[in-house]
Every structure is written in C-alpha cells, then in structure tokens.
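**Student:** Sequence and predicted model, in that order:
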Amino acid sequence: MPTPVPSGLVIRDLLAWAKAAQGAYATATERAYQTDFNAFRAWCARAQQSPLPAEPETVAAYLRAESVDGKAVATIRRRAATIARLHTAAGLPSPCGSEVVRLALRAIARERGTQQRQATPLTLRDTQRIEAKVLTEDVRLKDIRDVALLLVGKDLLARASEIVSLTLDAVAFDLDDGTAHVALRRHKTSTETQECLIGPEAAGALQRWLRAAAIASGPLFRSVTKGGKATAMPLSTRDVGRILKSLATRARLDASHVSSHSMRVGTAVDCVAANIDAASIMQAGGWTSVRMVARYTARLAAKRGAIARLHKLGG
C-alpha cells in the first residue's frame, strides 16, 4: 500500500500557518517542531499511516514505539504536543485530545517514570575552581571567553539560546559599582526583554573578553579560530554545552551530566543556599512556576531536610 499523504488543502493551510508564525517562536522551538514532526512522519511512512491527519490510534502507537526506543518521557510528551500543534495549524482536529492518546501517555509515564535527568549544577564553588584552573599565566583568548561566558551565564540564569543571542548593545556597564545591566530576552517566557544585573566579577570578566577580542559591536560571545583570533560568528547553543563540559573536565569536576543548563541550575542552587526567597529566584530566572525552582534545588533541600537535621543532631 502507498503511504497516505496530506491533501492539498491541508498543505496549503499548514504553509499559511508557517508563514504567519514566522518570528512568533524561539529558534529552538521551531527546531523542535521540525525534528518532532519529521520523526513522526518517518514512522508513519514505515507504518503506512497518515501523519496529517493522523488517527488517535496511530499517534498512540507511535508514542509507544518512541518509548520502546528509549526516548525520555519529556521528549515523548513534546512529540505529542508538536503533533497536536500542527494539526491545529492545518485546521484539523487534534488526535492528541482523544482518550486513546491520553491513556497511552499516562501508561508510558507510569512505566518509565517522569523524573527527568537533572543537569549537574555549576555552583559558585565549582566556578571558583574552574577559574583557578583555567585562568593561568599562559591563558588563551578562548579561555578568557569561556570563563566570561560561564560567569555572565550564571548571573543571568541564562539558557543557551538566550546567551548566544546577546549583542553588545544589550549591555550597559556601571562604572560606579562595577556591575552591568543586560537587556535579556527570555525566549521561553516572553517576547519582551528583562532587565538583568550581572555582578562585578562577571562584568569584569566580560570586559576583559571584549578588550582581548576587540569587540566593539555585534554578538557578545563569538567563536575563536585555532590561531587565537575572535571571529564575527556568534557561538551556537551546542557550543555552550561543549564549552561548559570542557571547563568542568579541566577543573576535574564530574562533567558527565554538565550541559548548557548547568549555569542556570547552579545559580538557582546558589540562591537557595544563600536563603534567597523563591519569588526573587523566580523573577531572576524568568520562571512562572515555583515547581521548576524546587526541582532544580531538590538535592539541596534534601540535605537541609528533617532527616539530615536529625542525623546532624544525633552526631
């Protein structure tokens, strides 16, 4: 049997939506939509099923197949959300609202669990250890950039997509106290910029990088050639994770779960350790739910919990 394909009207409506949606979503979101639907379409081609419109039973079977292949529960839920979004965009009823798909997602969550692997936090102590190791006498331009990226990213509680999109005109240095103000666009929560502060150490590291790289305008964090020259090309989101893993490895930290999210998680942990209230942490990181802060700092909370205090008293 030939694989069913979307009708001309469906394709027309989907293309019209794609055109209207230009600029409405973060680049990472657009990339996720494309990745997710390409995976679903490829599976449907093998199973000789229609991807658009898709029957609820087709979607449920696909999600179960993704679970068998070892995809994380969060990824499977995102796949379902993408399928639902594209059906709505094409003017079609979403199969993901059916009981069949909801039960499939519920069963997958029960079988696999919903706890996501947590990125290893890069805390203030870790950052100090990295600086002591990396900023040596024979420091390279790349090292200056990497440390500046780490310090600025931590103070901003920035996602990788947010920090690589920063330009010099978004930064205003305060000569009185050595800090800097950054107009940061929170890609997941708002289309508006958020006024953020970076401390004297991060601002100083950033200024050192800008001077060393002779950056007068344009992207803030850029690639560096093997010859040690800064280019005009901004870093990618993948570069951020790679840089942080390299820094952690050089400082002899466990880098197995270090990712671009480690700056954000690390500063959330630092804030909780300093007894900063949850509302202030949420505002600084652009979170709309206290659940995310609680998830990032669950391990620290356990160390401060009843059992930890009990053993401390017993000791």
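**Tutor:** Sure, I can see it.

**Student:** mind listing the strands for the stretch 51-200 of the chain?
**Tutor:** 171-173, 180-185, 193-198 (DSSP state E, counting those that start in this stretch).

**Student:** deepest of those, which one?
**Tutor:** Highest mean neighbour count of these: strand 180-185, a mean of 19 (counted as mean count of other CB atoms under 10 Å). For the C-beta atoms, the positions are set from N, CA and C on the backbone; glycine is no exception.

**Student:** Show me how far that strand is from its chain's centre.
**Tutor:** Relative to the mean C-alpha coordinate of its chain, strand 180-185 is positioned 18 Å out (CA atoms, centre = their mean, to the nearest Å).

**Student:** Show me where the stretch 51-200 of the chain has its helices.
**Tutor:** Ranges of helices in the stretch 51-200 of the chain, per DSSP state H, counting those that start in this stretch, are 56-68, 73-89, 99-112, 124-134, 141-156, 160-164, 200-213.

**Student:** The third one packs against which elements?
**Tutor:** It stands for helix 99-112. helix 56-68, helix 73-89 (3 or more CB pairs under 8 Å, 6 or more residues apart in numbering; DSSP states H and E).

**Student:** ditto for the second one
**Tutor:** Applying 3+ CB pairs under 8 Å, 6+ apart, one finds that helix 73-89 makes contact with helix 8-20, helix 27-47, helix 56-68, helix 99-112.

**Student:** taking the ones you listed together, which one is wrapped up most tightly?
**Tutor:** Each of the helices and strands packed on helix 73-89 was scored by mean neighbour count; the highest is helix 56-68, a mean of 19, by mean count of other CB under 10 Å.

**Student:** tilt between it and helix 99-112?
**Tutor:** Helix 56-68 runs at 10 degrees relative to helix 99-112, counting by axes from the mean of the first three to the mean of the last three CA atoms, to 10 degrees.

**Student:** on that earlier part again, pick out the shakiest of the helices and strands packed on helix 73-89, pLDDT-wise.
**Tutor:** Ranked by mean pLDDT, those bottom out at helix 8-20, which scores a mean of 71.

**Student:** out of the helices and strands packed on helix 99-112, nearest to S289?
**Tutor:** Among the helices and strands packed on helix 99-112, helix 73-89 comes nearest to S289, with 15.3 Å by CB to CB.

**Student:** chain center to that closest one: distance?
**Tutor:** Averaging C-alpha positions (CA atoms, centre = their mean) puts helix 73-89 18 Å from its chain's average.

**Student:** which residues are contacting that helix?
**Tutor:** Outside helix 73-89, the residues that touch it by CB atoms under 8 Å, 6 or more residues apart in numbering are 13-14, 17-18, 21, 32-33, 36-37, 39-40, 52-54, 59, 62-63, 66-67, 71, 93-97, 101, 105, 108-109, 112-114, 116.
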